[in-house]
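Q: Provided below are the primary sequence and the corresponding predicted coordinates.
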Amino acid sequence: MASNPSPELLIVMAAGATSDQTEHVVARLHEAGVDARVSRGREATVIGAIGERELLATLPLEGYPGVDQVLPILKPYKLVSREVVPDPTVIEVDGRRIGDGFFGFIAGPCSVEYREQTLETARVVAAAGCTMFRGGAFKPRSSPYSFQGLGVAALELLEEAKAETGLPIVTELMDPRHVEDVLEHADVIQIGARNMQNFLLLAEVGRADKPVLIKRGLSSSVEELLMAAEYVAKEGNERVILCERGIRTFERATRFTLDLGAVAVLKQETHLPVIVDPSHAAGRRDLVLPLSRAAVAVGADGIIVETHPRPEEALSDGPQQIRLAEFPEFAQEIAALAALMGKQIG
Ligand code: PEP
Ligand code: MN
C-alpha cells in the first residue's frame, strides 16, 4: 500500500531553545532520512520535517530538549507556506531586493525585437527608478504564425541592456532545452502562465541557482500556483516570486480578470514575495495605471509592467504596452504610492 501522502510535521522550538538544541533535532531527522527545513523566525524557530510517515514515527520528537510542540503541516504546500517559514522572504538579485517592505519594480517590452528598441527601453526604465528589466526572448504565442521571439539573439541584447544600465534581467524560459542559454543571460527566470503546471520545467528551474518568477496559469487556482512554487522549492531553489497576472473568467472587458483577492490570500499563505502583472490582465494601456495602483494598495511586493517606444509597431502585446515616453510619469506615481504603503523601491 502507498504511504500516507502528507506525513509532514512542524516542530516548534521553545522560546528559550538554544541553537544546539535545534541542530540536535535536525541531526536526528537527517539520520532518520527525513528532510529538515529550519526557519529562525522573529517569534520562534520552527523546523519543517518532510519525509515518510513511518520514518518520522520512529523519532521521539516531543521528547527532544528544546522542543515545544509537534504539529502536522495541514496545507498541501509545505516549504512555501507561512506555517513552515513564518517570516517573509526577501529575494535579492544583484543588490535589488523584493519582499518584506522592498517593492520590486520590473518593466520592459513584451518582446525583445531589435537592438535600439531594447536599449532605448532599458535606459528609460532604469532612469525612471525601476529595479529590474524584463523582455521576452522565447515567446509563448497563441498563434504559431505570430512572432515567436528572437531566442538566443534576444538574450544577448538583454545582456547588453544589463551591461549598460546595471538592471538585472527577467526573461521567460519555455523549454528545458533552453535552460543553459537562459541561465547564462537571465538573472530571474520567468515561468509563463501557460507553463505554470509544466512540472518537469518547474523541477528543472528548481535545480537552478537563479530566482524564479512563476506566473499564475490562466485557469489555475491559488493553491495550484502555490503547488507550482512547491515543485521549485522541493528541488532546493527557494528563491521563488509569485505573480498574479489575471485569470480567465466570463468577463470580456479586460483581457483577463485581475484577481487581487488572490494577492491578499497569497500574502497570508506564503512567505514568498507576490507581485502583480497589470499589463497582461488589462490588455489595454489605459488600465495599467489604475490596476497598478490597486496592486500596490492590496499589498503586492512589486509589479511587472510592459512598455515599448512605439507600441503600435510592437511585434507582441502592442495595445497593453505603456508608451515609453509616458513611462517616467507612470513610474513616479508608482513610487509615490509604494512610499505611501511604507514600501521602499527595492
Ligand atoms: C509575458 O510576460 O510576456 C507573458 C507572456 O506573460 P504570461 O505568461 O503571463 O501570459
Ligand atoms: Mn506580453
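A: Sure, I can see it. Numbers count the residues shown, from 1 in each chain. Ligands and ions are numbered 1, 2, ... in the order given.
Q: in the sheet, who's paired with residue 37?
A: Going by DSSP bridges, residue 37 is paired in beta bridges with residue 48.
Q: what is the burial count for it?
A: 19 (other Cβ atoms under 10 Å). Bear in mind the C-beta positions are built from the backbone N, C-alpha and C, glycine included.
Q: how about it, what does it touch?
A: By Cβ atoms under 8 Å, 6 or more residues apart in numbering, residue 37 lies in contact with 47-48, 50, 79, 84-85.
Q: can you pull the pLDDT of it?
A: With respect to pLDDT, residue 37 scores 91.
Q: check residue 233 too.
A: For residue 233, pLDDT reads 95.
Q: and for it, the neighbour number?
A: 25.
Q: pull up the residues of the stretch 201-346 of the chain that are close to ligand 2.
A: Contact residues (Cβ under 5 Å from the ion) of the stretch 201-346 of the chain with ligand 2: residue 317.
Q: swap in 8 Å and give it another go.
A: Counting by Cβ under 8 Å from the ion, the stretch 201-346 of the chain comes close to ligand 2 at 279-280, 306, 316-317, 320-321.
Q: near ligand 2, which residues of the stretch 51-200 of the chain are found?
A: Proximity of the stretch 51-200 of the chain to ligand 2 (Cβ under 8 Å from the ion) is limited to residues 110-111, 136, 139.
Q: now do the strands in the stretch 101-250 of the chain.
A: 102-108, 132-134, 169-172, 188-191, 212-215, 240-244 (DSSP state E, counting those that start in this stretch).
Q: can you lay out these as a markdown table showing mean pLDDT?
A: Formatted as a markdown table, these follow (pLDDT from 0 to 100):
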| stretch | mean pLDDT |
| --- | --- |
| strand 102-108 | 98 |
| strand 132-134 | 98 |
| strand 169-172 | 98 |
| strand 188-191 | 98 |
| strand 212-215 | 98 |
| strand 240-244 | 99 |
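Q: of these, which is nearest residue 340?
A: Nearest to residue 340, of all the strands of the stretch 101-250 of the chain, is strand 102-108, at 11.2 Å by Cβ to Cβ.
Q: name the spans of this structure whose pLDDT lies under the cut-off.
A: Confidence mapping of the chain against pLDDT under 70 gives the ranges 1-7.
Q: change it to 90
A: Scanning the chain for pLDDT under 90 picks out 1-8, 33, 35, 41-44, 50-58, 74.
Q: for it, which residues are neighbours of ligand 1?
A: Proximity of the chain to ligand 1, by Cβ under 6 Å from any ligand atom, involves residues 110, 136, 140, 192-194, 215, 245, 277, 280.
Q: of those, just the buried ones, ChimeraX syntax please.
A: Per 16 or more other Cβ atoms under 10 Å, the buried members of those correspond to this ChimeraX selection:
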select :110,136,192,193,215,245,277,280
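Q: now go through the residues of the chain next to ligand 1 and say which are in helices.
A: Using DSSP state H, the subset of the residues of the chain next to ligand 1 located in helices is residue 280.
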